[in-house]
Each structure stands twice: as C-alpha cells, then as structure tokens.
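Enquirer: need coordinates for the following:
(one chain, ligands or ions: 3)
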Amino acid sequence: MAAKEVRLSVLRFDPQRDERGHYDSYSAPFRQNLTVLDALNYVKEEVDPTLSFRQACRAAICGSCAMRMNKRSGLACRTRITDELMSDVIVLDPLSHFKVIRDLVVDLEPFYERMNQVEPWVIRDNAVAVTEEGMKVDPEALMVSKEMRDCITCGACYSDCNVLDVESTFLGPQAIVSALRWAKDPRDVNRVARADLAIELGLYKCPVDQECEFACPKDIRIRREAIERLREIAVEGGHAPLPEHKRLINSVLTTGGVVCVTSKPATEMFPEYIKDFEGEPQATIVLFLGCIINRRKQSVAKAIINILQMNRVAVYLPRKAMCCGSPFMRVGQRSSIKPFVENNFRIFNDYAAKGVTDVLTSCSGCNSTFRHDFPVLAKEFGIPMDFKVYDVGEYMVDKIELNTRDLNETKIKGMYHYPCHIRASGLAEKIYIDLMHRIPGVELAKVPRSGYCCGGGGGVRAAFPSLSDKLALRRIEIAQESGVDTLITNCPFCVMSFERVLEQKEKAGERIDFRIVDFYEMFSEAYGKSTICDI
Ligand code: SF4
Ligand code: SF4
Ligand code: FES
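Expert: Residues are numbered from 1 along each chain as shown. Ligands and ions are numbered 1, 2, ... in the order given. Next up is the predicted model:
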C-alpha cells in the first residue's frame, strides 16, 4: 500500500520579483500527529529551501506561525493534519489584511499599530505617589482579565475579521481584547476613557458575527467577553449606546419589540393553540417568533407553522411574549434586560409546568440569546429555567421524524447563507444544507468559506448602514462569483440586510438579477399546500 501523503498548495509571492502570487504544489509524508507546520518544515528541508514562513515556539505560544489554512486563519503548529484535511489539497495563504513580505510571511506592523492605539499599558493616577504597597495587585482581582491576557498577538482574528475586509480603519478584534484587558486591570484608572477611545476607533462597527472568535487559537470569547463587555463599560460611562441604538432600545422598551407594529402581528393572525391535522401530534411545542418575524415577516411565521403542521407538531404561540432582549445585550445595555427575561421566562415556565417544555425559535438572534445569554441571566436573577430551547431547523432534524414524503420537486439553484447567530448557537451549517437537500430538485453551491457576514447584526445596520450594506453586497457578490443567483437563509435579519441592498440597487436603476429566499418559506412551499388559515 502506498504511503499516505499530505498535499499542500502554498501561495508563493516575492514582491521583489513577482507581480502577483501563484500557488506551488508540494507533498510531505504523513505520520500521526503531523501538523501543518511540520509538513511545511519537511518541504523547506527536503524539497524547496526557498519557501518562507515564520515559526518559533512550535507550541502555540509565540503566535508567529499564524496563516490561513483552507481560507481560515489559525496557528500552523496547532493544526493537526487529520484524515478530513488530507482528503483534499490543503491550501495555505498568508494572513489577510497585511502586506506580504514573502510567501507566508506578512508585515504585522498595522496590527501592532492598532494595538498601540488602545494604549496597552496600565494608566495610573500620577497624583498618587508610587509605593510598593500601592502597586501590589490582588491575584484574584487580576483573574478577571485572565482570558484577555491569554492573547498571544498572533493576528489570526484580525486576518479573519469581516469588517476589516471592507473597512481598513476598524480597530479590529485584538485591539478590543487588549482594551478590555487594561480596562479590567485593578491598577488602571482609565476604564471608561478606554471604552470611549474604542468607540472612536469603531467598537460599534462590529456586527458580532464572531468570525474572530472561531479563528482564535486561545479560545478567547472575543464577542461576548470582550466586545460586548467593553460596550457595557461604554454604556456605564454614558457615551453609549449610540443615538441610533437608543432609538431601537426605546422601541423595545415602549412597544416590546425592536421594530414597531405596522401590520397585524403573526401572534394575532393565528390562534394560541394550532393543531390542524388528524390524529395525535408527534410533539407539542412553544413557538417564539421574535419581533421581526412576528411584526414584519408574517409570511415566514405562516411558513414555519405550516412546516410544523405538515410534521404533526402542535404549536403554542404565546400572545404576550416580548423581545428576546438581544438588542440590549448586543449594544451593551445589559442593565435594561431584566423585565424581558422575567416576562419571557414566566411564559415559558408556565408552558413547561403544563408539560410543554420545548421552546422553538425561528430567528437566529433569538436562539443565540436564549441559549447563551438567558441561562447566565436566569442564574443572576434567580429565575428557574424549566424549558429547553431549539431552533426550528434543529428540531426538524433532531427531535421529530421529518415528513419528506410530501416534499415536492423545487427547482432552485442557490447558496446557503449560514447566519452568524445560528453558528454562535453551535448549530452546524450541515443541518440546514442537509434539510434543503431533502427537497428534490434543490441544488446548492458550496460557500468558499462559511462565516461571511450579512453586516446586519450588533447594531451595525442601525448605526452604520453604509458599512452594513458593504458587507451585505460583498456576501451577494461571493454567491454570484460561484455562479448562483439565489441566497437562501434562515435569519430574518440577514434577509432584511440583503433585501435592503438589492432595493437600493433597483432604485438606482441598476439591474441585479438576484433573489433572497427565506429557508422556511422555501421548505413550506415544497410541501405544496398550506394547512393553516389566518384568523
Ligand atoms: S465579530 Fe466579526 S467584525 Fe467583529 S471583530 Fe470579530 S470578526 Fe471582526
Ligand atoms: S485574540 Fe486570539 S486570535 Fe486574536 S491575536 Fe489574540 S490570540 Fe490571536
Ligand atoms: S510556532 Fe509559535 S505559535 Fe506556532
């Protein structure tokens, strides 16, 4: 049997000689626990000594071997070559957003400049004399910034940052991690001023898509524990959230939802209990629609209910549910969320007391909030959590026997857009892709790299609409480059971001043959009939 080999395709570029880069192919013998860096070292020592890349510790400590592997950034010394990676050629590129010095070596200077902009050192009160006693720090007090201090300044997060793809002045995730680290240092007196400085440098330009966090080799929870925490400090200081966010927050506080009521909400279109099929249900659930679907995308609500009916799932649609609270958490206004947690928990716990313990969400943002923020908040507020949260798609795959018998042929060739909040909930892209493949006739193009952002989250569409539009347009262009004219997604926020840019193009007289399709509407239509009626 032939010895196993690892195949590499490495970007080669020498700015002294080449106008543009090209890929060279190499192979290296496989052995157990081989890393990408080991394979590169084999190539350098045995095949091509001209190949350039950085390394030092080989132990995920120094951060110097960061590069993009199959279009995702990470440490080459920490990336083991698995059977899955070996099944295809491993493509290696230098980190994005940097000038290439040679091959996989980049000039990290802009990254260090960003870090320096947030003043990464202790700022003390100079009026107070320096004494040995005064400079002592309680080790426990330092533990609050431990996670941020784990950063090895490798640049992987900066390379994969979605915003930096379209706006090079953005401070980037590592600078935010660094700012929070020093803001949390008990010796530092500049806590709030640090958050204010971060606002100036773009703290609120991040749509919290978490791409940086997936790249981070030190598992730093950049989104919730750095970006959103620094936003909380900014709110404490009184300079945040931004005026556009205050309008959203005000809408939630006064109307119970992030968008105002302009048409009959879905919760008033359907009865509280829906069972429009013969026989016993295979499951009974509570459906939380979320503000956007309830108030703006009632057709999606109808589609979801139809899917559940076609699968003999009885539905409770709570009348008095309010916003999931995501807008508060995303912009740092955590202090306002308690009534929303209390209200929604009371409703869900009441259903649970009657034996209906499964709560399904149809919006990716609600799901991520209920799954990640609510358990923490419930503990903090001393509220029990007697129910389980699922996304509708997840429930269709994991909890019920899916009716594929009645799915009709649907001729559609598109690309799935994987919403960042679905990914943040730990739900695999494969769940939704496999579900779509159950519909005869659906053809899906592969996304070059999942994790591209629609630009709509984290309050960005409200405060920085042109940035949000740039990201949405880029995502559409990525689909077009793959030869498809349809994006299919299961997040109403993503749908609205994409629709917004398409409308703008149309208004400007630009013809763009592109469609945004809601995942649930497509699935419901594939059943060919709707069993439910509005009331
Ligand atoms: S969440 Fe996305 S946009 Fe925000 S810093 Fe991380 S990668 Fe950049
Ligand atoms: S936050 Fe993580 S990915 Fe970013 S520089 Fe630090 S260690 Fe690297
Ligand atoms: S060589 Fe030091 S982190 Fe990889």
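Enquirer: for the stretch 251-400 of the chain, which segments count as strands?
Expert: Taking DSSP state E, counting those that start in this stretch as the test, the strands found in the stretch 251-400 of the chain are 273-274, 283-288, 313-316, 358-361, 388-391.
Enquirer: what sits against Asp138?
Expert: By CB atoms under 8 Å, 6 or more residues apart in numbering, the contact list for Asp138 reads Pro186. To be clear about C-beta, it is placed using only N, CA and C from the backbone, and glycine gets the same treatment.
Enquirer: when you give positions from now on, start the count at 33
Expert: Yes, from this point I'll number from 33; that puts the last item at Asp170.
Enquirer: confidence score at it?
Expert: On pLDDT, Asp170 comes in at 87.
Enquirer: same check, this time on the one 3 residues further on
Expert: Taken from the predicted model, the pLDDT recorded for Ala173 is 82.
Enquirer: so Ser41: helix, strand or coil?
Expert: Secondary structure, DSSP: H, G, I helix; E, B strand; the rest coil: Ser41 is strand.
Enquirer: what helix or strand is Lys168 on?
Expert: According to DSSP states H and E, Lys168 maps onto no helix or strand at all.
Enquirer: could you check how far it is from ligand 1?
Expert: As judged by CB to the nearest ligand atom, to the nearest Å, Lys168 and ligand 1 stand 34 Å apart.
Enquirer: nearest to ligand 2, out of the strands of the stretch 283-432 of the chain?
Expert: strand 420-423 (27.5 Å; CB to the nearest ligand atom).
Enquirer: so what's the residue of the stretch 383-532 of the chain at minimum distance from ligand 1 up against?
Expert: Nearest residue of the stretch 383-532 of the chain to ligand 1, counting by CB to the nearest ligand atom: Cys485, 6.4 Å away. Neighbouring residues of Cys485 by CB under 8 Å, 6+ apart: Asn194, Pro239, Asp241, Glu243, Cys452, Leu503, Arg507.
Enquirer: how about 6 Å then?
Expert: Applying CB atoms under 6 Å, 6 or more residues apart in numbering to Cys485 gives the contacts Asn194, Pro239, Asp241, Leu503.
Enquirer: Met354 contacts Asn375, doesn't it?
Expert: Yes. Taking CB atoms under 6 Å as the definition, Met354 is a contact partner of Asn375 at 5.2 Å.
Enquirer: what touches both of those two?
Expert: In contact with both Met354 and Asn375: no residue, using CB under 6 Å, 6+ apart.
Enquirer: tell me what the host helix or strand of Gly446 is packed against?
Expert: If you go by DSSP H and E, Gly446 is part of strand 444-449. Secondary-structure packing of strand 444-449 (3 or more CB pairs under 6 Å, 6 or more residues apart in numbering; DSSP states H and E): strand 474-477, strand 518-521.
Enquirer: for the residue of the stretch 383-532 of the chain closest to ligand 1, helix, strand, or coil?
Expert: coil.
Enquirer: can you check Gly95 too?
Expert: coil.
Enquirer: OK, contacts around it?
Expert: With CB under 6 Å, 6+ apart, Gly95 has these contacts: Ile184, Thr185, Cys186.
Enquirer: how close does it sit to ligand 2?
Expert: Using CB to the nearest ligand atom, Gly95 is found at 6 Å from ligand 2.
Enquirer: return the distance of that residue relative to ligand 1.
Expert: For Gly95, the distance to ligand 1 - CB to the nearest ligand atom - is 17 Å.
Enquirer: up against ligand 1, what does the stretch 133-282 of the chain have?
Expert: Contact residues, the stretch 133-282 of the chain versus ligand 1 (CB under 6 Å from any ligand atom): 192-195, 205, 238-244, 254-255.
Enquirer: hang on, the earlier thing: of the contacts of Gly95, list those near ligand 2.
Expert: When those are checked against ligand 2 using CB under 6 Å from any ligand atom, the ones in range are Ile184, Thr185, Cys186.
Enquirer: count the neighbours of the last one for me.
Expert: Going back to what we said before, that points to Cys186. 28 (other CB atoms under 10 Å).
Enquirer: hang on, the earlier thing: please identify the deepest-packed of the strands of the stretch 283-432 of the chain.
Expert: strand 390-393 (a mean of 24; mean count of other CB atoms under 10 Å).
Enquirer: paired strands for it, with orientation please.
Expert: Here strand 390-393 has these sheet partners by DSSP bridges: strand 315-320 (parallel), strand 420-423 (parallel).
Enquirer: which among these is found nearest to Ala173?
Expert: strand 420-423 (34.6 Å; CB to CB).
Enquirer: before we move on, back to that, so what touches whichever helix or strand comes after the strand holding Gly446?
Expert: Sequence order places helix 452-456 as the next helix or strand after strand 444-449, per DSSP H and E. Under the criterion CB under 6 Å, 6+ apart, residues Asp241, Gln242, Ser396, Gly397, Ser400 lie in contact with helix 452-456.
Enquirer: among those residues, name the ones in helices.
Expert: Ser396, Gly397, Ser400 (DSSP state H).
Enquirer: check contacts around the second one.
Expert: When contacts are counted by CB under 6 Å, 6+ apart, Gly397 touches Ser358, His453, Phe525.
Enquirer: ok, of the residues you listed, which come out buried?
Expert: Neighbour-count burial (16 or more other CB atoms under 10 Å) applied to these gives Ser358, His453, Phe525.
Enquirer: apart from its neighbours in sequence, what residue is nearest the last one?
Expert: It stands for Phe525. Gly488 (4.7 Å; CB to CB, 6 or more residues apart in numbering).
Enquirer: residue contacts, the one you found?
Expert: So Gly488 contacts Ser500, Phe525, Ser529 (CB under 6 Å, 6+ apart).
Enquirer: hmm, 10 Å instead?
Expert: Applying CB atoms under 10 Å, 6 or more residues apart in numbering to Gly488 gives the contacts 239, 241, 397, 451-452, 494, 497, 500-501, 503-504, 523-530, 532.
Enquirer: check those residues against ligand 2, which are close?
Expert: Applying CB under 6 Å from any ligand atom to the contacts of Gly488, none is adjacent to ligand 2.
Enquirer: please name the residues that touch the residue in the stretch 383-532 of the chain that ligand 2 sits nearest to.
Expert: Proximity of the stretch 383-532 of the chain to ligand 2 (CB to the nearest ligand atom) peaks at Gly483, 14.2 Å away. By CB under 10 Å, 6+ apart, the residues touching Gly483 are 103-104, 192, 194, 241-243, 246-247, 450, 452, 455, 461.
Enquirer: can you rerun that using 7 Å?
Expert: Listed by CB atoms under 7 Å, 6 or more residues apart in numbering, the contact partners of Gly483 are Glu243, Phe246.
Enquirer: using CSV, write out every CA atom in the strand holding Gly446.
Expert: Extracted in CSV, the C-alpha atoms of strand 444-449 (Å, rounded to 0.1, in the frame of the first residue of the first chain):
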residue,chain,number,x,y,z
ILE,A,444,-33.8,26.1,-7.3
LYS,A,445,-30.0,26.6,-7.6
GLY,A,446,-28.6,28.7,-4.8
MET,A,447,-26.2,29.1,-2.0
TYR,A,448,-26.9,28.8,1.7
HIS,A,449,-26.1,31.8,3.8
